[in-house]
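In: Build the 3D model from these lines:
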Amino acid sequence: MADESPPTPPEDAPAYVVEPLERQSADRLRELAAWAANLAEHKTATEPNGDHQKEFRRRVEASGYSADPTDYEAVPDRAYISIKEPQDGYEYAYWQWRSEPDVDAPDKNEAIGPLDDS
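Out: Numbering: from 1, shown residues only. Predicted structure coming up:
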């Protein structure tokens with residue numbers, strides 16, 4: 001038989017977060033959990049001082065491009081660097097940002113260029 005007590009929230013979780021969550025259905029909590037995981041991943045990738053962004057900026061600069069979004073036309077200063085591998089062994093850097101602050105707004109991007117193997 002499963003324990004019928006709900007799980008205990010983290011000790012430092014604020015009541016204004018915990019109490020509304022406790023009122024949600026299981027399906028809604030799963031949706032919110034998926035969104036929270038995506039939001040955490042986004043914040044990890046886009047934090048200005050985050051390890052990913054430091055490394056991405058270093059790689060962009062090592063390939064001869066500016067890692068300052070203000071050096072690019074139509075790229076907002078809130079943009080972050082994303083690196084994709086469209087083909088094996090070939091990496092390409094992009095500026096990426098949300099078109100609006102809303103989490104459901106589409107991403108926009110602008111190419112930076114191919115990255116060197118260095």
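In: Now do the strands in this structure.
Out: Along the chain, the stretches classed as strands by DSSP state E are 80-87, 90-98, 107-114.
In: what residues does the last one touch?
Out: Strand 107-114 is contacted from outside by 60, 63, 65, 72, 74-75, 79, 81-82, 90-99, using CB atoms under 8 Å, 6 or more residues apart in numbering. In short, each C-beta sits where N, CA and C put it, glycine included.
In: Going through those, which ones are buried?
Out: Buried subset of these (neighbour count, 16 or more other CB atoms under 10 Å): 60, 63, 65, 75, 79, 81-82, 93-98.
In: Return the alpha-carbon coordinates of the least confident helix or strand in the chain by mean pLDDT using CSV.
Out: The weakest-scoring helix or strand in the chain, judged by mean pLDDT, DSSP states H and E, is helix 26-46 (a mean of 82). Provided in CSV are the C-alpha atoms of helix 26-46 (Å, rounded to 0.1, in the frame of the first residue of the first chain):
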residue,chain,number,x,y,z
ALA,A,26,-1.9,15.5,-10.8
ASP,A,27,-2.0,16.2,-14.5
ARG,A,28,-1.6,19.9,-14.0
LEU,A,29,1.3,19.3,-11.6
ARG,A,30,3.0,17.2,-14.3
GLU,A,31,2.5,20.0,-16.9
LEU,A,32,3.9,22.5,-14.4
ALA,A,33,6.8,20.2,-13.6
ALA,A,34,7.7,19.9,-17.3
TRP,A,35,7.5,23.7,-17.7
ALA,A,36,9.7,24.2,-14.6
ALA,A,37,12.3,21.8,-15.9
ASN,A,38,12.4,23.6,-19.3
LEU,A,39,12.6,27.0,-17.5
ALA,A,40,15.5,25.8,-15.3
GLU,A,41,17.3,24.5,-18.5
HIS,A,42,16.7,27.9,-20.2
LYS,A,43,18.0,29.8,-17.2
THR,A,44,21.1,27.6,-16.9
ALA,A,45,21.8,28.2,-20.6
THR,A,46,21.1,31.9,-20.6
